[in-house]
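1. Show me the folded form of this:
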Amino acid sequence: MIIFRDPHEVPSDFGRSAVAIGKFDGVHAGHRAVIERLKADAAESDARSVAVTFDRNPLELLRPELCPENVVTTQRKLELLGELGLDATLMLTFDQALASRSAEDFVEEILVGALRVSTVLVGSDFRFGHRGAGTPDLLRELGPKFDFTVDVVEDVFLDESERRVSSSWIRELLVHGEVRAASDVLERPVDVRGVVVHGLKRGRELGFPTANLSEIVGALVPADGIYAGWLVDHDTGLRHPAAVSVGTNPTFDDVLVRQVEAHVLDEDSLDLYGHDVTVEFIERLRGMVAFDGVEALMEQMAADVVAARALLTGEVRA
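-> Presented below is the predicted three-dimensional model:
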C-alpha cells in the first residue's frame with residue numbers, strides 16, 4: 001500500500017480513485033466492511049482503492065476536552081489499513097488550515113484535484129469541512145458537477161447484537177478489560193506494540209521474568225489486570241504464549257506509570273531486551289490487586305501462569 005501524507009504527493013498519473021473517508025480508529029469490523037465495499041467499487045470502475053484519513057482525531061484540535069483516547073496509534077492504523085489490500089492511504093495532517101477548509105474546497109482540491117475520485121464512500125453520519133458543513137447530501141449535490149458517485153455505507157452490527165460497531169464501543173470494552181468482546185468488534189486481537197526495556201527486574205527475582213514494554217503512547221491499553229495473551233517478537237518472527245500484566249504493581253507500590261509486562265511461558269532464559277514486540281490480549285484472567293506479602297503474590301502468579309497456559313492451549317487447538 002502506498003502512503004501519501006499530502007495531496008500534492010499523489011502523482012498526476014495515479015489514475016481515478018474510489019475513496020473512503022473516515023478516522024478509521026481501530027480499523028474495526030465496521031471499517032473493514034467499508035473497505036471491502038470500497039475495493040468492490042474500485043474494481044467495478046477500474047479505479048484505485050484509497051482510504052482518506054487523519055493523523056489525529058479532529059477533536060484533538062477542535063474540542064480537546066471531548067477528545068477520547070485513540071484505540072490504536074496512527075502508525076498501527078496505517079499498518080492495519082495496509083493489511084486490507086488497499087492501493088493507497090492519504091494521511092492528512094489535521095491542523096488549523098485543514099479544519100478551516102470549506103467542504104466544497106475539500107471535495108474540489110483533495111478528492112477531485114488530487115485523487116480524481118470516481119466514487120466516495122462515507123457513513124450516514126459523516127461530516128467534513130469547516131464546522132462540519134459537509135454531509136453525504138452535499139457530496140450527492142457535487143457528484144454530477146465533478147463526475148463522481150456517492151455510496152453511503154450503513155452501520156454494521158455484530159451477529160446477535162443491536163449495538164452498531166464503533167470505536168466508542170471498543171473503548172468502553174477496553175476500559176473494563178473485556179478484551180475478548182473487544183476483539184469480536186475489532187475482528188482481530190486487541191494489541192499494543194513497544195520495545196522491551198529494562199524494568200525493576202522484580203519479576204525475575206520472584207521467578208517470573210517479564211518483558212517490560214516501553215510506555216504506550218497514542219493507544220488505549222486495556223484495564224489494569226492479568227491477561228492471557230501472546231508476545232509477538234518482530235525481531236525474530238516468533239510468537240510466544242504469555243501471561244500479561246497491566247498496571248502499577250500495587251503490592252510494592254513503587255511503579256508510577258502503568259506498565260505492560262509479559263511473562264513468556266516456559267521460557268525463563270529468553271533475552272528480549274531491545275526487541276520490537278507486540279502483545280496480544282486474549283482473555284482477562286483477573287483484576288489487579290495488592291497482596292499481603294510476597295508469598296501470596298508468588299502463589300497467585302503461579303496460578304495465573306497455569307490459567308494462561310490452559311486458556312492459550314485451547315486457543316491453539318481452536
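
2. mean confidence for stretch 283-298?
-> Regarding stretch 283-298, the rounded mean pLDDT is 84.

3. Could you check it and say which residues are buried?
-> 283-285, 288, 297 (16 or more other C-beta atoms under 10 Å). All C-beta atoms are positioned from the backbone trio N, CA, C, and that covers glycine.

4. who's in contact with Asn57?
-> 23, 25, 67-68, 70, 94 (C-beta atoms under 8 Å, 6 or more residues apart in numbering).

5. which other residues reach stretch 39-49?
-> 14-18, 35, 38, 85-88, 118-119, 121, 151.

6. what's the answer for stretch 147-161, then?
-> Applying C-beta under 8 Å, 6+ apart, the external contacts of stretch 147-161 come out as 29-30, 33-34, 37, 41, 111-112, 117-124, 136, 139-140, 142-143, 163-165, 184-185.

7. Okay, buried residues for it please.
-> By neighbour count on 16+ other C-beta under 10 Å, the buried set for stretch 147-161 is 148-151, 153, 156, 158.

8. Please list all residues in contact with the nearest residue to Gly113 once chain neighbours are set aside.
-> Once flanking residues are discounted, Gly113 sits nearest to Pro7: 7.3 Å by C-beta to C-beta, 6 or more residues apart in numbering. Residues in contact with Pro7, defined by C-beta under 8 Å, 6+ apart, are 90, 92, 109-110, 113-115.

9. Which one of the buried residues of stretch 283-298 is nearest to Asn249?
-> Closest approach to Asn249 among those (C-beta to C-beta): Met288, at 8.3 Å.

10. what about that closest one, distance to Val257?
-> Remark: distance between Met288 and Val257 (C-beta to C-beta, to the nearest Å) = 14 Å.

11. can you check Ser214 too?
-> The separation that Ser214 has from Val257, given C-beta to C-beta, amounts to 11 Å.

12. more crowded one of these two?
-> Legend: neighbour count by other C-beta atoms under 10 Å for Ser214 and Val257, higher for Ser214 (14 against 7).

13. For the more buried one, give me its contacts.
-> By C-beta under 8 Å, 6+ apart, the neighbours of Ser214 are 194-197.

14. Next secondary structure after whichever strand or helix holds Pro241?
-> Under the criterion of DSSP states H and E, Pro241 resides in strand 239-247. Sequence order places strand 259-264 as the next helix or strand after strand 239-247, per DSSP H and E.

15. Show me what that following strand pairs with in its sheet, parallel or antiparallel.
-> strand 211-213 (antiparallel), strand 239-247 (antiparallel) (DSSP bridges).

16. Report the contact partners of Leu61.
-> Taking C-beta under 8 Å, 6+ apart, we find Leu61 in contact with 94-96, 99.

17. mind running it again at 10 Å?
-> 54, 67, 94-96, 98-99 (C-beta atoms under 10 Å, 6 or more residues apart in numbering).

18. Among those residues, which lie within strands?
-> Phe54 (DSSP state E).

19. what's the nearest residue to Leu111 if we skip its chain neighbours?
-> Val117 (4.3 Å).

20. low-scoring pLDDT stretches of the stretch 51-200 of the chain, where are they?
-> 200 (pLDDT under 70).

21. in it, which spans are helices?
-> Applying DSSP state H, counting those that start in this stretch to the stretch 51-200 of the chain gives helices spanning 59-62, 74-82, 96-100, 103-105, 136-146, 167-175, 179-186.

22. Tell me which of the ones you listed lies nearest to Asp233.
-> helix 74-82 (16.4 Å).

23. and that closest one, what does it pack onto?
-> Helix 74-82 is packed against strand 2-4, helix 29-44, strand 48-54, strand 88-92, strand 190-197, with contacts defined by 3 or more C-beta pairs under 10 Å, 6 or more residues apart in numbering; DSSP states H and E.

24. ok, the third one: who's next to it in the sheet?
-> Spelled out, that is strand 48-54. Within its sheet, and counting by DSSP bridges, strand 48-54 is paired with strand 17-21 (parallel), strand 88-92 (parallel).

25. tell me how far that strand is from the chain's mean position?
-> Relative to the chain's own centre, strand 48-54 is displaced by 16 Å; criterion: C-alpha atoms, centre = their mean, to the nearest Å.
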